[in-house]
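**Q** Sharing a model prediction with you, sequence too.
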Amino acid sequence: MSTALIPTSPGGTERFANPLQQIKGVFAQPAVRRSLPMALMVGLIAAAALAWMSLSTPTQKTLFSGLPDSDKAAVTSALTTANIKSHIDEGTGALTVGEDDYSRAKMLLAGQGLPKAAPGGYAILDQLPMGVSRAVEGERLRQARESEMAKSIEEIDAVAEARVHLAMPEASVFVRDNAAPSASVILKLQGGRSLSEAQVASIINLVASSVPGMKPEAVTIVDQMGALLTKAGGSDGAGAASDARIDIQRRIEDKYRTQLIALLTPLVGAGNFTAEVQADVNLDESQATRESYEKQGVLRAETGNWTGNQKDGGAGAPGGIPGALSNTPPAASTLSTPQAATGNPGTPAAQPVAGGPAPDAMKQSDQYQRAYDLGREVSVTRATPGGVKRLSVAVLLRDPDKTRRTAMEINQITDLVKSAVGFDQARNDNVTVISRKFAGATDAAAGPAWYDNAWLPVLARNGTAILIALLVLLLGVRPIAKALMKKREDAGTRPALGQPIGAADQDGMTVAAPVSLDQLENTRGYDDRIGAVRGFTRDNPTRAALAVRDMIKADAK
């Protein structure tokens, strides 16, 4: 037993052999045990305060990231002036604000023109150090071009942010190995805005014209939702033609819909009707060519000859040198019947026709070759797409409150709709007008639901923080406080210094008498002696420990 009580060396390694035992020894000390409830209560209060701060603070949302220090200072100053709390993340450098103040901060900074544009574009070349390699210089030049293109694209109203990536292969001495440059553009559009096909085409041509050798087909544009804005096949492909035809149909339907809105808005009021138009448009292109000829042609050329009657023609004709002989009268002539001219040699001359021209007496026969031109008419017809083959119109009217529209009123509105859209019975057009109660009309008039209000998340967050604080106080602090009060009451039952044994305290409670050594010696019964030892140990813990130590030493001797 004496061997077990031999103390170990103070400088030995066993001092740090069991840290858990040392921690238990520290907590077993009377001073630590007395202060432990108070420390636990303080810790619980601190935890409740931390939970309150974390839950009561609104959720942070990133306002800007990657800003230079000058822009951070300007933005933070503007937000502080407007009583908007901001926070700068030390790790990423992002500037964050409360989720509830995000939209207001955006509008405030946009009105003040903040943040300023960071140095970019060709200003990057000013920071190029001397002695860099050719590859680094080429990359910096490409980066400068990308930044300048992005700034140019951001000038479009519907574009909030733009990033441009250029793929420019190195030039080769072999023509067959030269690759054409290409580009990809990602756009972040403004809320609720979209780009038309003309704007997308302008961005494509802008990028293609800024890089030598780049074709418009090599430019790809994507928006922030991942939708491809460029059309496959180019502007001359079949896809573009199909899109153009669909656009024709959409424009025709929008035209009719606009006419209906302009007609019905003054009559029933805005929001009291809805109209839809479905146009069956002929989107086919047709070409027709027609040739026609006249039955009677026009004489183009004529060749031929005719033979006259030479009988006695030479003798009877005067001739010779004027003089005496030439004045001699000719011989008597003989009359002969002329033959009809049929166009063939040797045929008799044509007989005189009553009412017709007199036949030529000198003409015996004729032969002609005539060429006639027939009349030719060439007609080319090309029908462009866009003709409406059938039109279907549906109009839904809202019934007035507590009443319904009459059939006569609906028929009148139907006639107006037919006149507005150009109703044609031959095309089998269809116009339908009905009147019903709109679903959700009462809810829309009453306003948004209670769970859609902006104050509900704030109230829920603050209520949760208060509930956690109350639970900590009721389940943690309150039991500890009760334990401390009980110990204080137990300590108050002991007699004060100079107070007689068995006397009553200020509250009228009887104080237990302390146990002395004489009382321990004079105690006779076993149970009484055990109770006296307990009382003596409770009242004099130090003396009891010393007594035990003396007893152990006496046994050792």
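**A** That came through fine.

**Q** Could you use CA atoms for every contact and neighbour count after this?
**A** Will do.

**Q** show me where the stretch 151-300 of the chain has helices.
**A** In the stretch 151-300 of the chain, helices defined by DSSP state H, counting those that start in this stretch lie at 197-210, 238-268, listed in chain order.

**Q** My error: substitute the stretch 451-557 of the chain in the last question.
**A** Using DSSP H, counting those that start in this stretch, helices in the stretch 451-557 of the chain cover 455-472, 478-492, 517-522, 526-539, 541-556.

**Q** Dump these into TSV; add mean neighbour count as well.
**A** As requested, the helices of the stretch 451-557 of the chain are exported to TSV (neighbours: other CA atoms under 10 Å):
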stretch	mean neighbour count
helix 455-472	15
helix 478-492	13
helix 517-522	11
helix 526-539	15
helix 541-556	11
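
**Q** any chance of those helices in a markdown table, plus distance to residue 389 and mean pLDDT?
**A** What follows is the helices of the stretch 451-557 of the chain, written out as a markdown table (distance: least, CA to CA, whole Å; pLDDT from 0 to 100):
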| stretch | distance to residue 389 | mean pLDDT |
| --- | --- | --- |
| helix 455-472 | 55 | 80 |
| helix 478-492 | 84 | 71 |
| helix 517-522 | 122 | 69 |
| helix 526-539 | 109 | 76 |
| helix 541-556 | 111 | 78 |
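
**Q** JSON lines for those helices, including distance to residue 139?
**A** Listed next are those as JSON lines, based on distance: least, CA to CA, whole Å:
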{"stretch": "helix 455-472", "distance to residue 139": "49"}
{"stretch": "helix 478-492", "distance to residue 139": "68"}
{"stretch": "helix 517-522", "distance to residue 139": "97"}
{"stretch": "helix 526-539", "distance to residue 139": "85"}
{"stretch": "helix 541-556", "distance to residue 139": "83"}
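
**Q** The ones you listed: which one's closest to residue 80?
**A** Nearest to residue 80 among these is helix 455-472; the distance by CA to CA comes to 21.6 Å.

**Q** Output stretch 24-39 as CSV, nothing but the C-alphas.
**A** Provided in CSV are the C-alpha atoms of stretch 24-39 (Å, rounded to 0.1, in the frame of the first residue of the first chain):
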residue,chain,number,x,y,z
LYS,A,24,-11.4,15.8,-15.9
GLY,A,25,-9.1,16.8,-13.0
VAL,A,26,-9.5,20.5,-13.9
PHE,A,27,-13.2,20.2,-14.0
ALA,A,28,-13.2,18.4,-10.7
GLN,A,29,-11.6,21.3,-8.9
PRO,A,30,-14.1,23.1,-6.6
ALA,A,31,-13.6,26.5,-8.1
VAL,A,32,-14.1,25.2,-11.6
ARG,A,33,-17.2,23.3,-10.5
ARG,A,34,-18.7,26.3,-8.9
SER,A,35,-18.1,28.5,-12.0
LEU,A,36,-19.1,25.8,-14.5
PRO,A,37,-22.9,26.6,-14.4
MET,A,38,-22.3,30.3,-14.9
ALA,A,39,-19.9,29.6,-17.8
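
**Q** circling back to that earlier point, out of the helices of the stretch 451-557 of the chain, the one nearest residue 136 is which?
**A** Once the helices of the stretch 451-557 of the chain are compared by CA to CA, helix 455-472 is nearest, at 51.6 Å.

**Q** got the contact list for stretch 160-174?
**A** Stretch 160-174 is touched from outside by 142, 146-147, 149-151, 153-154, 178-190, with contacts defined as CA atoms under 8 Å, 6 or more residues apart in numbering.

**Q** Buried by neighbour count, from those: which ones?
**A** Buried members of those, counted by 16 or more other CA atoms under 10 Å: 142, 146-147, 149-151, 153-154, 181-189.

**Q** How is this protein partitioned into domains?
**A** For the chain, the structural domains run 24-53, 58-110, 119-170+178-232, 248-283+384-434, going by the TED database.

**Q** Flag every buried residue along the shortest one.
**A** Read it as domain 24-53. Buried residues in domain 24-53, counted by 16+ other CA under 10 Å: 37, 41, 44-45, 48-49, 51-52.

**Q** In the stretch 201-350 of the chain, where is pLDDT below threshold?
**A** Applying pLDDT under 70 to the stretch 201-350 of the chain flags residues 232-241, 292-300, 306-350.

**Q** Strands along that one, start to end?
**A** 219-223, 273-282, 286-293, 298-308 (DSSP state E, counting those that start in this stretch).

**Q** Just put the helices of the stretch 151-300 of the chain in CSV and tack on mean neighbour count and distance to residue 386.
**A** Formatted as CSV, these follow (neighbours: other CA atoms under 10 Å; distance: least, CA to CA, whole Å):
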stretch, mean neighbour count, distance to residue 386
helix 197-210, 16, 20
helix 238-268, 15, 7
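
**Q** Any chance of those in CSV with distance to residue 131 as columns?
**A** CSV is the format used below for those (distance: least, CA to CA, whole Å):
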stretch, distance to residue 131
helix 197-210, 28
helix 238-268, 50
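
**Q** Go through those helices and name the closest to residue 519.
**A** Ranking those by proximity to residue 519 (CA to CA) places helix 197-210 first, at 106.6 Å.

**Q** So which residues lie in contact with the closest one, not counting its own?
**A** 149, 153, 183, 214-216, 218-221, 229-230.

**Q** cool, stretch 473-492 as well?
**A** With contact meaning CA under 8 Å, 6+ apart, stretch 473-492 is reached by 37-38, 41, 44-45.

**Q** related to what we said a few turns ago, so of the buried ones among the contacts of stretch 160-174, which ones are in strands?
**A** Among the buried ones among the contacts of stretch 160-174, the ones falling in strands (DSSP state E) are 182-189.

**Q** Please list only the buried members of the contacts of helix 197-210.
**A** Among the contacts of helix 197-210, those classed as buried by neighbour count (16+ other CA under 10 Å) are 149, 153, 183, 214-216, 218-221, 229-230.

**Q** Need those in TSV (columns: distance to residue 303).
**A** Formatted as TSV, the buried ones among the contacts of helix 197-210 follow (distance: CA to CA, whole Å):
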residue	distance to residue 303
149	78
153	77
183	74
214	68
215	65
216	65
218	69
219	71
220	73
221	74
229	73
230	70
